[in-house]
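A.B. asks: Test case, fold it:
(chains A and B)
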2 protein chains.
Amino acid sequence: MALATIGNSEFDRDTAVVRRAPGVYDAHLAAGWTIAQAVNGGYLLALVGRALGDALPHPDPSSVTAHYLTASVPGPAVIRTEVVRTGRTMSTGTATLVQFTEDGTEIERLRVLAAYGDLDALPDDVRTSAKPPAIPPREHCPGPDSAPGGRASVPGGTSFAERIALRLDPATAGWAVGAPSGKGEIRGWFGLADGREPDPLSLLLTVDALPPTAFELGLSGWVPTVELTAHVRRRPAPGPLRVALTTRNLAGGFLEEDAEVWDSADRLVAQARQLARVRLTG
Amino acid sequence: MALATIGNSEFDRDTAVVRRAPGVYDAHLAAGWTIAQAVNGGYLLALVGRALGDALPHPDPSSVTAHYLTASVPGPAVIRTEVVRTGRTMSTGTATLVQFTEDGTEIERLRVLAAYGDLDALPDDVRTSAKPPAIPPREHCPGPDSAPGGRASVPGGTSFAERIALRLDPATAGWAVGAPSGKGEIRGWFGLADGREPDPLSLLLTVDALPPTAFELGLSGWVPTVELTAHVRRRPAPGPLRVALTTRNLAGGFLEEDAEVWDSADRLVAQARQLARVRLTG
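C.D. replies: Next comes the predicted model:
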């Protein structure tokens, strides 16, 4: 069976937007990207990111900040964009994603502020001290078909888990068998289940696609994202991605979750940080 | 001589805003917060932050993202705010800071998207693995009156340097004497020169007030901020702050600069990350 390709994959179909007026797009939040009935935040980010990539004169997300205002639900949505500034090498825009109640009341789900550029136009210099995360080879990492852990252990459902090819570093998968490490770290190999290769848009999904670090901290409740900012630093090479999430400060009912995404060429392709609310239980 | 206090200090006077209509504020960008004729990005963030604190129902910045669109200049400015969402414990808003050319043309300088809350209402739980940066005692760190380094070495002028009490860790001050470490780290003790204690608003200044990590990486050019996101995690205790800046990935003409701010009670009070452009020279 042929693998899915960029532009012809479930991710591309489910993040498609249709321009109905200049800067205004119709979208459909697909039920397949939900976890426990909540639409995944990275999927929403990619969907809005696709609309902004159409509305702005530059193609690739460089810095994208989203504030998650209310809980999105599968179904129709409208994305409205505004071009804030058009520069030679970068442009800036905002977007809002709204949904409608049965009586037609509009509810805003997401507000986004973003800078777009052209990744292919960047110089090829690299002077970096960051190192790829140390993750065992994929075949030694539990995946969706492994037990314990994997698909069945994703709280609340399997829709989202069926769409991603995720293999967690066993050292950070203890939460799945009731033995969290107590460290705020989650690492793993990431791809799309249908084999579609990564691109800048799918990186927006990738930065918020792993189980939350809160699980390894022994917290079992929901960890809603208040704000997430993703920086896309480079077009990813084909092949599996490595993702490392780290939380260093859990205090005052909030935690930050830092994400790094590395490609198969050992280049840091995306960084993200989110601020999330936590409820201490147990 | 009595020290300046919160509400009665140069920082407070220079970030004052006057409401001229609901959500619209007049401001004046003070010449004292410039470095080489560029208005400091942290000062601009605090100024817009003050307007948002007035416009939103919650008092304290929690997550503030700014996109720096064009170079601000000292003089009059107008800040327009919009309330995006009002929740029970948090609210969300946007702001734009504009200036005007001699012929009255409006130019947008800054676009901001922010979530505000009430720091005093947060629970006091702390489960953090982050450690304060290791910085020698203040008296062993070079300050503005020391030689070498200090005020005279801030490229382009001394206005900004006169307003802050900054003492850099000698291990990260090599750039000031032409011997950068090559590591993307800058650490130091930070306060306001007139003795005004830190508060959530001054933390927005603090996260972008140190020399850029690029200097220690041996880069001498301007490092303009594209986007900066600051998270205020806790109301700071009185006393000097410790600030640590880290750059791990310099590639493709961009770098990220991560900032951590710790208070005198050893609590992490703010985190920030900015995406900045670099030009490799030499």
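A.B. asks: Which of the helices or strands spans the closest residue to A:Ile35 other than its chain neighbours?
C.D. replies: Spatial nearest neighbour of A:Ile35, excluding adjacent residues (C-beta to C-beta, 6 or more residues apart in numbering or on different chains): A:Phe160 at 4.7 Å. For every residue, glycine as well, the C-beta is placed using N, CA and C. Assigning secondary structure by DSSP states H and E places A:Phe160 in helix A:159-163.
A.B. asks: how about the residues of the stretch 1-150 of chain A near chain B?
C.D. replies: A:62-63, A:65, A:67, A:69-70, A:84-85, A:90, A:92, A:94, A:108, A:111-113, A:115, A:119, A:122-130 (C-beta under 8 Å from any C-beta of the partner chain).
A.B. asks: Tell me how chain A divides into domains.
C.D. replies: Per automatic domain parsing, the structural domains of chain A span A:10-119, A:138-277.
A.B. asks: Which one of the ones you listed lies nearest to B:Gln99?
C.D. replies: When the domains of chain A are compared by C-beta to C-beta, domain A:10-119 sits nearest B:Gln99, at 13.9 Å.
A.B. asks: what's the span of the closest one, first residue to last?
C.D. replies: 24 Å (C-alpha to C-alpha, to the nearest Å).
A.B. asks: same check, this time on stretch A:27-37
C.D. replies: Taking C-alpha to C-alpha, stretch A:27-37 runs 18 Å from one end to the other.
A.B. asks: and A:Gly32, how many neighbours?
C.D. replies: Per other C-beta atoms under 10 Å in any protein chain shown, the neighbour tally for A:Gly32 reads 16.
A.B. asks: I'd guess it is in a helix, am I close?
C.D. replies: Yes - A:Gly32: assigned to a helix according to DSSP: H, G, I helix; E, B strand; the rest coil.
A.B. asks: So it is in contact with A:Ser159, correct?
C.D. replies: Yes - the criterion here is C-beta atoms under 8 Å, and A:Gly32 meets it with A:Ser159 at 5.1 Å.
A.B. asks: ok, and the spatially closest residue to A:Cys141 that is not a sequence neighbour, which helix or strand is that part of?
C.D. replies: Closest residue in space to A:Cys141, ignoring its immediate chain neighbours: A:Arg167 at 3.7 Å, by C-beta to C-beta, 6+ apart. Using DSSP H and E, A:Arg167 falls within strand A:164-168.
A.B. asks: which outside residues touch whatever helix or strand comes next after that strand?
C.D. replies: Downstream of strand A:164-168, the next assigned helix or strand under DSSP H and E is strand A:185-192. With C-beta atoms under 8 Å, 6 or more residues apart in numbering or on different chains as the test, strand A:185-192 has contacts from A:4, A:9-11, A:133, A:135, A:138, A:141, A:163-169, A:171-172, A:198, A:202, A:206, A:209-213, A:215-216, A:240-247, A:261.
A.B. asks: Give me the angle between strand A:185-192 and strand A:164-168.
C.D. replies: Put simply, strand A:185-192 runs at 150 degrees to strand A:164-168, going by axes from the mean of the first three to the mean of the last three C-alpha atoms, to 10 degrees.
A.B. asks: what is the rounded mean pLDDT of strand A:185-192?
C.D. replies: Strand A:185-192 comes out with an average pLDDT of 97.
A.B. asks: likewise stretch A:75-94?
C.D. replies: Stretch A:75-94 comes out at a mean pLDDT of 98.
A.B. asks: Now the residue of chain A most remote from its centre: phi and psi?
C.D. replies: Note on chain A: the largest C-alpha distance from the chain mean falls to A:Asp103, namely 31.3 Å (C-alpha atoms, centre = their mean). Taking degrees, to the nearest 10, you get phi -90, psi 10 for the backbone angles of A:Asp103.
A.B. asks: That one and A:Val73: what is the separation?
C.D. replies: From A:Asp103 across to A:Val73, the span is 15 Å (C-beta to C-beta, to the nearest Å).
A.B. asks: Equivalent analysis for A:Val261, please.
C.D. replies: Separation of A:Val261 from A:Val73 (C-beta to C-beta): 28 Å.
A.B. asks: Please list only the buried members of the contacts of strand A:185-192.
C.D. replies: Of the members of these, the ones counted as buried by neighbours, 16 or more other C-beta atoms under 10 Å in any protein chain shown, are A:4, A:9-11, A:133, A:135, A:141, A:163-169, A:171-172, A:198, A:202, A:206, A:209-213, A:215-216, A:240-247, A:261.
A.B. asks: and the domains of chain A, which one is worst for confidence?
C.D. replies: Among those, domain A:138-277 scores lowest, with a mean of 91.
A.B. asks: Can you give me the end-to-end span of it?
C.D. replies: Domain A:138-277 has an end-to-end distance of 31 Å (C-alpha to C-alpha).
A.B. asks: ditto for stretch A:204-218
C.D. replies: Terminal-residue distance, stretch A:204-218 (C-alpha to C-alpha): 26 Å.
A.B. asks: what angle sits between the helix ranked longest in chain A and strand A:164-168?
C.D. replies: The residue-count maximum for a helix in chain A (DSSP state H) belongs to helix A:41-55. Interaxial angle, helix A:41-55 versus strand A:164-168 (the same axes, to 10 degrees): 130 degrees.
A.B. asks: mind checking how far helix A:41-55 is from the chain centre?
C.D. replies: Relative to its chain's centre, helix A:41-55 lies at 10 Å (C-alpha atoms, centre = their mean, to the nearest Å).
A.B. asks: same thing with stretch A:188-203?
C.D. replies: Chain-centre distance of stretch A:188-203: 10 Å, with C-alpha atoms, centre = their mean.
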